[in-house]
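Student: sequence and computational prediction follow.
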Amino acid sequence: METVIIAPLPDTNVAETAVNDLLPQLRRAFIGLDTRYPLADGSTRRRIYLDSSASTLMMEPAYEAARHYLGHYANTHTTVHTAAKITAHTMRWASDTTLKFLGADPQHYLATFLGSGATAAANRAAAGLAQLRPERDVVLISSMEHHSNDLPHRRHSKTVEHIPLQGGGPHPGTVDLDALSALLHKHAGRVNYVAITGVSNVTGIINPLKEIAALAHQHDAYLLVDGAQMSAHAPANLSANDIDLYLFSGHKVYAPGSPGVLVARRALIDAMSPHEVGGGMVAAVSKWGYDLAESADEREQAGTPNILGTITLACALESLQRADMVRIFDEERTLLRWARDQLRQCPNLTLYGDEDQHDRVGAIAFNLDGIGHGLVAAILNDYHAIAVRNECFCAHPYVQEMLSEEFAEIDIDGLDNDAVNRLFQDRRGMVRASFGLYTCREDITALVNALKDIETNIEHYRPHYRACPDGRYEHLSFRPDPATLFDIEETLARQLDALRTSAQR
């Protein structure tokens, strides 16, 4: 079996230490970078993690800082004892740090920490805005949105219309500003808000938020930005970009286990009814009724918040701020351009998204011609220890639009139903390599080498896999048991045994 190799270029991620000593060190300070897994060829290899758009690895300094806080842990909603005072102070710091990181003036913006990531924040915003202006029953969203910034608006608004993108086919660009303007005029007086992703979770394309905000505000519409893919990669600058509401997920900003965040103009939150009710958000409760707390900061935090997750997230944001987000943004754009250039060395590889759109961060989507995306992802994992994601990335309309031309070219003459279904399933998706602060040129080089190997040796790999009904490809003989790689019950038992041993000494 022939193996195709390209030589790695020097890794600029660890260069220029004189500019900022923290950033190169921070890039390597993540839990799980040295994790090793067995491969189908019998070897073991360090995992290369290229699935950061789904969830990032844990930033170690943030984790350790939050762990030290646990020595003072207490609940919120009181300051009667010392630990509670420390918790209240630390949670205020977390809120202030989040606003500072996003360039949101604390006099005009409020940060709220919510349950299940950006999804919880999007649902809160959609419900609140619909209740606030029921006469404005139209919401405009882009064609590149993640389901989390699409479905909540469909549920809570009468009409949702999609804004076209510049270009089309496999290479769409940013939101088409002329098309947005036309839709705002078409629905004049009815558009409640425009919901736009800051950065596409599929192609990494960055939308022109300031220009979109200006158009929306000309029609008295608010701008809601899904920053789930933006926050770890580029400065958001809410005040400078005139953004009304901004949401993101802590698990995509190097703080797994942390909550989602909604940052919104205080005037908007003050005007909304609370989304949830319970302890901590009321001033008084009797058998006959209850009075809400005067402060929106309290009204938006019913129940005990995710204290540890919130603090971990704020520590990660502060670490990124100290490492210089502008520099992080600039270096990642450079890395992404270099990565796309390297991937073009694969002769049968298709890259998606506007080729002239150089302002990208976070992710690259591609396919290898004639090889299903599920099979490519499986081989990358099983033989190269490279973790990527495939299928449609919870952005089905966007992916389907980019694949529409390829579907039109499929020849199904003479194929039975099973073959047709498999053919369409193989084409109904992409492979995505997504980056984190820890992604380096060595990782990209390994990916390109692996893809060249797959292209050259696909007929060697193909017989080792069976196609599953759900679209996955499963290796016929290599099926490592996850419990042999990590067993949480066994790990806990070792910790408990260590306690017993120490007690016997």
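Tutor: In hand now; what should we look at?
Student: only C-alpha atoms for contact and neighbour calcs from this point on.
Tutor: Noted.
Student: since we're on H275, how many residues are nearby?
Tutor: By other CA atoms under 10 Å, 14 other residues sit near H275.
Student: check A84 too.
Tutor: A84 has 18 nearby residues by other CA under 10 Å.
Student: who's in contact with the host helix or strand of it?
Tutor: In this structure, A84 sits in helix 82-101 according to DSSP states H and E. With contact meaning CA atoms under 8 Å, 6 or more residues apart in numbering, helix 82-101 is reached by 72-79, 105-106, 109-112, 263, 307, 310-311, 313-315, 317-318, 321.
Student: hmm, try it at 6 Å
Tutor: Contacts to helix 82-101, defined as CA atoms under 6 Å, 6 or more residues apart in numbering, come from residues H72, A74, T79, A111, I311, A314.
Student: swap in stretch 377-388?
Tutor: L39, A40, R47, I48, Y49, L50, D51, R432, A433.
Student: ditto for stretch 329-343
Tutor: H233, A234, R360, V361, V448.
Student: out of those, which two sit at the greatest distance?
Tutor: Using CA to CA, the pair of the contacts of stretch 329-343 lying farthest apart is A234 and V448, separated by 25.4 Å.
Student: bridging residues for V138?
Tutor: Beta-bridge pairing of V138 under DSSP bridges involves T159, V191.
Student: nope, N367 is what I was after
Tutor: Beta-bridge pairing for N367 (DSSP bridges): T350.
Student: residues in contact with it?
Tutor: So N367 contacts L349, T350, M430, V431 (CA under 6 Å, 6+ apart).
Student: dump those residues to TSV, plus pLDDT and distance to P208.
Tutor: TSV is the format used below for these (pLDDT from 0 to 100; distance: CA to CA, whole Å):
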residue	pLDDT	distance to P208
L349	96	28
T350	94	25
M430	94	25
V431	97	26
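Student: now, which of the contacts of stretch 377-388 sits nearest V191?
Tutor: The shortest approach to V191 among those belongs to R432, at 33.8 Å (CA to CA).
Student: can you give the domain ranges for this protein?
Tutor: As given by automatic domain parsing, the domain ranges for the chain are 12-53+324-485, 75-322.
Student: avg pLDDT for the longest one?
Tutor: Averaging pLDDT along domain 75-322 yields 93.
Student: any idea how far apart the tips of it sit?
Tutor: Domain 75-322 has its terminal residues 29 Å apart, counting by CA to CA, to the nearest Å.
Student: ditto for stretch 363-380
Tutor: Span of stretch 363-380 from end to end, CA to CA: 17 Å.
Student: now do the buried residues in it.
Tutor: Across stretch 363-380, burial judged by 16 or more other CA atoms under 10 Å covers 363-368, 371-380.
Student: likewise for stretch 108-125?
Tutor: For stretch 108-125, by 16+ other CA under 10 Å, it's 109-114, 116-125.
Student: for Y222, list the residues it contacts.
Tutor: Contacts of Y222 by CA under 6 Å, 6+ apart are Y193.
Student: how far away is it from V376?
Tutor: Distance from Y222 to V376, by CA to CA: 42 Å.
Student: swap in Q345?
Tutor: On the measure of CA to CA, Q345 and V376 end up 17 Å apart.
Student: give me the buried entries from the contacts of stretch 377-388.
Tutor: If we count by 16+ other CA under 10 Å, the contacts of stretch 377-388 have these buried: L39, A40, R47, I48, Y49, L50, D51, R432, A433.
Student: of the contacts of stretch 377-388, which belong to strands?
Tutor: If you go by DSSP state E, those have I48, Y49, R432, A433 in strands.
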